[in-house]
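S.K.: give me a model of this one.
(2 chains)
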Amino acid sequence: MCSKTNEGSDRFEYLQTLVTEFQDTDSEEAKEQVLANLANFAYDPKNMEHLRELQVTDLFLDMLTEENHNFVEFGMGGLCNLSMDPECRDIILQNSGISLVTNCLSSQREETVLSAVTTLMNLITHSSRSDITNPAILQCMLRFSLSESPRLRNLAAVFLQDCCTEEQVARVEQQMHGQQTAVGIPLPKD
Amino acid sequence: MVNRKTFTINMAARNRNSAGCWSAPEVYKHHEQRRVCISRPKYREGRKAKAVKVYTINLESRYLMVQGVPAIGVMPELIQLCALYGVVEEYRPLDEYPAEEFTEVYLVKFQKLTSARAAKRHMDEKSFYGGVLHVCYVPEYETVEDTRLKLQDRRRYVIRTTQNKAREKIKQQREEEEATTSETTTTATDRIPDRYEKTSDTSNTWELPNSNQFSSFPPLPLPPQEHQYYGHENQQESIATEDKMGTLHNAFVDVQHQLGQSSNFSQTSSDRDQRTEHRLTTNPTSAVRFVPRKTNLENRKRKKEEAVENLLADVSAKNEPFIGPKLPEPPKLDMEDVSLNTTVSLIRNTMKQVMYLLYCLKQVKTKTNRIEFILYSHNSWWKKSLIFFRWGQFQISNHWRKRLNHVAGFDHTSCLFAVNVLCFYFDI
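M.R.: So this is what the prediction gives:
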């Protein structure tokens, strides 16, 4: 029991070191590496508590508005991993995660978009459902479901089938002929 | 209108899904092997060099693509290798996928994601029949249902794990509370002088830091099991390849250091019976005795000569009383004959190589007609490769001779000898 506790605290200290390095370093490269490390640690549910304590959830959310596309991708990946845990999900929801994640739907990178879709699905609770299944996001998912990429297509199909009602989808489809929303449409490359 | 639209969407989805697995594959970005990151500081270095990449459930899949399989008709072998990590549901060559010359690409569908994960972990960048495999997840072959189940399983797993951990934490907390309330006085007096040595001047206020200590350090949860598991395994690997490798060379510089030898034997074949092991330890020249059936005259002759040599060495050693540890220097034995001296050094080298191979080989799995060994070596990427020895097939094939030559620097005689020793040793 004692050794287990020690290992746990070792892990906590290690994660803390990572967070500290991320905050202290000026090197973009080091930041990317640490961010990727943290996001991968978030994959393991046993680290969730440590990461919550270190407020890594906020760190990831902050990354979504960065210029650097790698930051966005890794931060989004981290959120995708963390949001599987109900407690982390609630933290993300409290910190206006839905709009931040929704903005990532229009990323140029497929990986970022996929993480965003999965995260949105994870974020659905009783109270957040109406926000996540708003017509703009549904239109976006409908577009994704026609995508060339099989991964995006499948994921969007799961979203449409599992997270919303058929009437909702039908209504949005009807709307789509009238007016389009811009959610999920990537900005032109400069 | 509405209906038609949904229909087309569904159609499109279904068409693509049904075709999904079997249509012409595209090369996606996540198939590429990213460049390994070399600028990590020491504390963030893992056991393996890795690229900067974030894994999410979206990237994982029970579909794996195996690239770099030599086009020499080894599909059954590949699938057998895959099956070591879990049930393979489907597989097929991806003929249309752009492959390097003389290699093939395969699609392997595992029953479980965890199997695919293990297979990827163990097979990626490993050599296989002279090629180096590149294994990656190919989630684009999933159907909608696959994706749905994958996400559901993942969510369930995370919730289960976090709940278990929370429960464990509460239990631990309770235990600790009980411990602190019942043993406050004793533990306090035992522990505090150690931990608070610097501040022990204020010995009267002990109990204060003590109670703080317990409240400010909540029982921390367990480390992740997966990490632990793989970490442990990797550790074993690294010990087998690096740590012990060094000591091995020392041990075999001097042929007489049989103790080292026997311990190495027992390590390589931990699952072997004590009997053989015992024989090994008691007979100093036993390694040569393992030359079985296919009697190797040359080796037998050498064995005798070596026995003489050992005897001589023993005598010389006995004559000198020495105190303290003996340096592992090779005894410079002069047989007073150039050709004899060459023979002796030849024997030494062969022995070293054979012991090295025995040391490098770890028996993985015994099936009815086949024994599989993993060959460990610290030579570049030949870190781990599978060797198959079939029953009654003592002659080593050209292919494997080349490989042994490459990995362990074996010459022809050593290869034969090694295989014979192995066959005897593992009672094939």
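
S.K.: what about the helices in chain A?
M.R.: When assigned using DSSP state H, the helices of chain A occupy the ranges A:2-24, A:28-41, A:48-53, A:56-63, A:69-82, A:86-94, A:97-104, A:110-123, A:129-132, A:135-144, A:150-163, A:166-178.

S.K.: packing partners for the last one?
M.R.: Pointing back at helix A:166-178 there. Other elements packing on helix A:166-178 under the criterion 3 or more C-beta pairs under 8 Å, 6 or more residues apart in numbering or on different chains; DSSP states H and E are helix A:135-144, helix B:2-20. Heads up, the C-betas are built off the backbone N, CA and C, glycines and all.

S.K.: average pLDDT across it?
M.R.: Mean per-residue pLDDT for helix A:166-178: 85.

S.K.: tell me the angle of it relative to helix A:150-163?
M.R.: Going by axes from the mean of the first three to the mean of the last three C-alpha atoms, to 10 degrees, helix A:166-178 is angled at 130 degrees with respect to helix A:150-163.

S.K.: helix A:166-178: how far from the chain's middle?
M.R.: From the chain centre to the centre of helix A:166-178 is a distance of 25 Å (C-alpha atoms, centre = their mean, to the nearest Å).

S.K.: please apply the same query to the third one.
M.R.: How far helix A:48-53 lies from its chain's middle: 17 Å, per C-alpha atoms, centre = their mean.

S.K.: then the longest one?
M.R.: Here helix A:2-24 shows a centroid-to-chain-centroid distance of 24 Å under the convention C-alpha atoms, centre = their mean.

S.K.: that one vs helix A:28-41, what angle?
M.R.: In terms of direction (the same axes, to 10 degrees), helix A:2-24 departs from helix A:28-41 by 150 degrees.

S.K.: over to the fourth one?
M.R.: Relative orientation of helix A:56-63 and helix A:28-41, computed by the same axes, to 10 degrees: 130 degrees.

S.K.: same for helix A:56-63, what does it pack against?
M.R.: So helix A:56-63, by 3+ C-beta pairs under 8 Å, 6+ apart, packs with helix A:2-24, helix A:28-41, helix A:69-82, helix A:86-94.

S.K.: what's the most buried one of the ones you listed?
M.R.: Counting by mean count of other C-beta atoms under 10 Å in any protein chain shown, helix A:69-82 has the highest mean neighbour count of the helices and strands packed on helix A:56-63, with a mean of 27.

S.K.: what angle do helix A:97-104 and that one make with each other?
M.R.: Going by the same axes, to 10 degrees, helix A:69-82 makes 130 degrees with helix A:97-104.

S.K.: mind listing what's buried in stretch A:111-130?
M.R.: Within stretch A:111-130, the residues that count as buried by 16 or more other C-beta atoms under 10 Å in any protein chain shown are A:111-124, A:128.

S.K.: next one: stretch B:122-135
M.R.: Within stretch B:122-135, the residues scored as buried using 16+ other C-beta under 10 Å are B:122-124, B:126-129, B:131-135.

S.K.: take the residues you listed and write them to JSON lines, including distance to chain A and pLDDT.
M.R.: Listed next are these as JSON lines, based on distance: C-beta to the nearest C-beta, whole Å; pLDDT from 0 to 100:
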{"residue": "B:122", "distance to chain A": "19", "pLDDT": "92"}
{"residue": "B:123", "distance to chain A": "20", "pLDDT": "93"}
{"residue": "B:124", "distance to chain A": "16", "pLDDT": "91"}
{"residue": "B:126", "distance to chain A": "22", "pLDDT": "90"}
{"residue": "B:127", "distance to chain A": "27", "pLDDT": "90"}
{"residue": "B:128", "distance to chain A": "27", "pLDDT": "91"}
{"residue": "B:129", "distance to chain A": "31", "pLDDT": "90"}
{"residue": "B:131", "distance to chain A": "28", "pLDDT": "88"}
{"residue": "B:132", "distance to chain A": "24", "pLDDT": "91"}
{"residue": "B:133", "distance to chain A": "23", "pLDDT": "92"}
{"residue": "B:134", "distance to chain A": "19", "pLDDT": "92"}
{"residue": "B:135", "distance to chain A": "18", "pLDDT": "94"}
